[in-house]
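*Asks:* sharing a sequence plus its predicted fold:
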Amino acid sequence: MTPKQLDRKYLARESPPEDLVVARAEGSYLWDAKGKKYIDFLAGWCVGNVGWGAERMRARIRKYRGPDYIYPYYVYKPWAELAQLLAELTPGNLQKCWRATGGTEAVDIALQVAMAYTGRRKFLSIEGSYHGNSIGTVSIASTEDRKPFPNLLQGCMTIDPPLDAKAADKVETKLKKRDVAAFIMEPISCNLGVLIPEEEFITRVVKSCRRYGTLFIADEVATGFGRTGKLFASEHFDLEPDLLCVSKAISGGYAPLGATITTRKIADAVAEDVGFYSTYGWHPLAVDAALANLRWIAAHRTRLLAEVEKTSDYFRERLTAMKLKPPGEVRIRGMAIGVETGDGEYTQVVADRCRRKGLLLTTADNTLTMFPALTIDRETAEAGLDVLERAL
């Protein structure tokens, strides 16, 4: 059987996979099974922030000589080292971590912590958002995604974009009853075509949360570790969340790992209620990969983010000069890029044309979305944008 036939026979998917059989990856490129080379403007959807095939990472993994597995109730020094590093890198006064295998677990942990800490059961999120695939995380997603599942968490509400002063009013109205455990959002929503909230929205929502005893959960699973031009998207708004969720780029794609980080006050208050046993949460090999990746990012942070800013400016300049189908809105923060065309069918046609011509990007309804590696070089970026311009 061909790879496509095997996939169709044995893998359960919500829709057929894209017509690409991946054979290898390096830097900002992928190759398919026939040897065709693709420029990668997707980076595994915000996973490969520092590019594929970094020799320093592969060498670190080859040299690993640690234990095969650690029982979650034992003590393992690298766990504490990774938690300490995350506390140092994340914004605000976040100090303590729960271990997870990925983004869904990280968000689910945050929901459990919020319920245990506040004694409340309701949540508020952005309509159309995505926060994971468990029953808990689907409960706070878009109303459309909830329809197949009748027994979700009750009392989960959403507000519609745009995220402006009017939306902030709606948030405050819903929080006034003091029965909402947490408000959750991506500070910049990659899942909504790089939706960027107004600063006033964030400021007022934080004030409302503080006033009515609601926790603020920042889902930085996609936006964390430099994606938006800051180490965390929360920093664009001087946001200090009560809980912050990370995964994806935490290991650069070399191993699965996620984390939920909160303040010492919150962690200590729920210590007897939220343990979250995860068999493979922070597997020792994954921890080794995450430590190597984050230590490199920490050491090169200034230069890396300066390069992101420079490359982001280039993408903005090129995209705004292209002949885009109305409304033709370009939304960009760092290497999180959305180009809204107003026509979902046309958007998909453009994405398909790009793939046939050797450029990989993705779509969110009527928006082309691009998440290139933060380390992409100018020559590769230019070549990819040339393909996109012709496809448009």
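*Replies:* Thanks, I have it.

*Asks:* do a quick rundown of the strands in the stretch 251-392 of the chain.
*Replies:* 258-262, 329-333, 336-340, 359-360, 362-364, 367-370 (DSSP state E, counting those that start in this stretch).

*Asks:* deepest-packed of these, please.
*Replies:* Stretch with highest mean neighbour count among those: strand 258-262 (a mean of 28; mean count of other C-beta atoms under 10 Å). From N, CA and C alone the C-beta is placed, and that goes for glycine too.

*Asks:* packing partners of that one?
*Replies:* Contact partners of strand 258-262 among helices and strands, from 3 or more C-beta pairs under 8 Å, 6 or more residues apart in numbering; DSSP states H and E: helix 77-89, strand 96-100, helix 103-118, strand 243-246.

*Asks:* can we see that at 10 Å?
*Replies:* Counting contacts by 3 or more C-beta pairs under 10 Å, 6 or more residues apart in numbering; DSSP states H and E, strand 258-262 is packed against helix 77-89, strand 96-100, helix 103-118, strand 215-219, strand 243-246, helix 264-269, helix 284-299.

*Asks:* mean confidence score for it?
*Replies:* Averaging pLDDT along strand 258-262 gives 98.

*Asks:* each with direction, which strands does it pair with?
*Replies:* In the sheet, strand 258-262 lines up against strand 96-100 (antiparallel), strand 243-246 (antiparallel) (DSSP bridges).

*Asks:* gap between the last one and the chain center?
*Replies:* Using C-alpha atoms, centre = their mean, to the nearest Å, we find the averaged C-alpha position of strand 243-246 to lie 10 Å away from the chain's own average C-alpha position.

*Asks:* could you give the average pLDDT over it?
*Replies:* Taken as a whole, strand 243-246 has a mean pLDDT of 98.

*Asks:* now the first one
*Replies:* Averaging pLDDT along strand 96-100 yields 97.

*Asks:* the closest residue to Leu42 other than its chain neighbours and Gln112: what is the separation?
*Replies:* Once flanking residues are discounted, Leu42 sits nearest to Leu360: 5.0 Å by C-beta to C-beta, 6 or more residues apart in numbering. Using C-beta to C-beta, to the nearest Å, Leu360 is found at 36 Å from Gln112.

*Asks:* and for Ile159?
*Replies:* In terms of C-beta to C-beta, Ile159 sits 23 Å off from Gln112.

*Asks:* likewise for Arg65?
*Replies:* 35 Å.

*Asks:* higher neighbour count, these two?
*Replies:* Gln112 (19 against 5; other C-beta atoms under 10 Å).
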